[in-house]
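Student: Sequence and computational prediction follow.
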Amino acid sequence: GAVVSQHPSWVICKSGTSVKIECRSLDFQATTMFWYRQFPKQSLMLMATSNEGSKATYEQGVEKDKFLINHASLTLSTLTVTSAHPEDSSFYICSARGAGSGASSYEQYFGPGTRLTVT
Amino acid sequence: GQNIDQPTEMTATEGAIVQINCTYQTSGFNGLFWYQQHAGEAPTFLSYNVLDGLEEKGRFSSFLSRSKGYSYLLLKELQMKDSASYLCAVRDRRTLTFGKGTMLLVSP
């Protein structure tokens, strides 16, 4: 099946610094990538949707200037948390959807997630 | 928007059968997914339904009734490793929205 990787798997940073998380589709071209955030014992909340080569669409309540998303190629999207604060500590998960027909065009493949802790 | 409802927790015994229900309200329905998520890990795909009926895949089956806005995930021959959170997710024309998940605890 399709594989999505994320890097880093966990990161600890100081308040006020910026952190970049990478999401890569390893064996398929991802026309659309999604970024989710999950707080403990809560469901995944969609932050933004990005299509290759265009600006990301952010969900209501998500600050686009704080969470910078770049989808520069069909296999890579990045999320940069700028000026991170302790309340940004969360589990960030990306997922990717392919351009093909059949299951790959419907199914979203999830990365393993990135645990961000801001001290 | 979408409204997805599923039970918060369920318990079952190893070897038993359990059914996890999901009801939803959405405009522009474009498919329903079930995912399994172990603590601290990303969700893994279990099933996809876009037409009414039952989809069977090994020990797991998923059912959909679009007219009733209802789906269930059926897990047979439960194993200890099935203890996890099960997420119902509904796709409309634009996004995939997740329910809050059902935490299933399988006991010996």
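Tutor: Everything's here; your move.
Student: which element follows the helix or strand of chain B with the lowest mean pLDDT toward the C-terminus?
Tutor: The helix or strand of chain B with the poorest confidence is strand B:96-98; it has a mean of 87 (mean pLDDT, DSSP states H and E). Next in sequence after strand B:96-98, counting helices and strands by DSSP states H and E, comes strand B:102-107.
Student: other SSEs contacting the least confident helix or strand of chain B?
Tutor: strand A:45-51, strand B:84-91 (3 or more C-beta pairs under 8 Å, 6 or more residues apart in numbering or on different chains; DSSP states H and E). Every C-beta, even on glycine, is put in place using the N, C-alpha and C of the backbone.
Student: Which residues of chain A lie near chain B?
Tutor: Within chain A, the positions lying close to chain B (C-beta under 8 Å from any C-beta of the partner chain) are A:34, A:42-46, A:49, A:91, A:93, A:103, A:106-113, A:115.
Student: coming back round to it: worst mean pLDDT among the helices and strands packed on strand B:96-98?
Tutor: Averaged per stretch, pLDDT over those is lowest on strand A:45-51, reaching a mean of 91.
Student: What residues sit buried inside it?
Tutor: A:45-50 (16 or more other C-beta atoms under 10 Å in any protein chain shown).
Student: Now do the SS call for A:E22.
Tutor: Secondary structure state of A:E22, per DSSP: H, G, I helix; E, B strand; the rest coil, is strand.
Student: Which residue is the nearest non-sequential neighbour of it?
Tutor: Distance criterion C-beta to C-beta, 6 or more residues apart in numbering or on different chains; nearest residue to A:E22, sequence neighbours excluded, is A:H7 at 4.7 Å.
Student: Show the contacting residues for the closest residue to A:Q42 other than its chain neighbours.
Tutor: Setting aside the residues directly before and after it, A:Q42 is nearest to B:K100 in space (C-beta to C-beta, 6+ apart), at 6.9 Å. Going by C-beta atoms under 8 Å, 6 or more residues apart in numbering or on different chains, B:K100 touches A:42-43, B:4, B:6, B:8.
Student: Show the buried residues in those residues.
Tutor: For the contacts of B:K100, buried by 16+ other C-beta under 10 Å: A:43, B:4, B:6.
Student: Relative to B:L32, which of those residues is nearest.
Tutor: The nearest member of these to B:L32, counting by C-beta to C-beta, is B:I4 at 9.3 Å.
Student: What pairs with the helix or strand hosting that closest one, parallel or antiparallel?
Tutor: For B:I4, the host element (DSSP H and E) is strand B:3-5. In the sheet containing strand B:3-5, its partner strands are strand B:18-25 (antiparallel), by DSSP bridges.
Student: Any buried residues in the strand it pairs with, and which?
Tutor: Using 16+ other C-beta under 10 Å as the test for burial, strand B:18-25 gives B:18, B:20, B:22-24.
Student: Also stretch B:58-78?
Tutor: So, applying 16+ other C-beta under 10 Å, buried residues of stretch B:58-78: B:60-64, B:69, B:71-75, B:78.
Student: Understood, closing this out.
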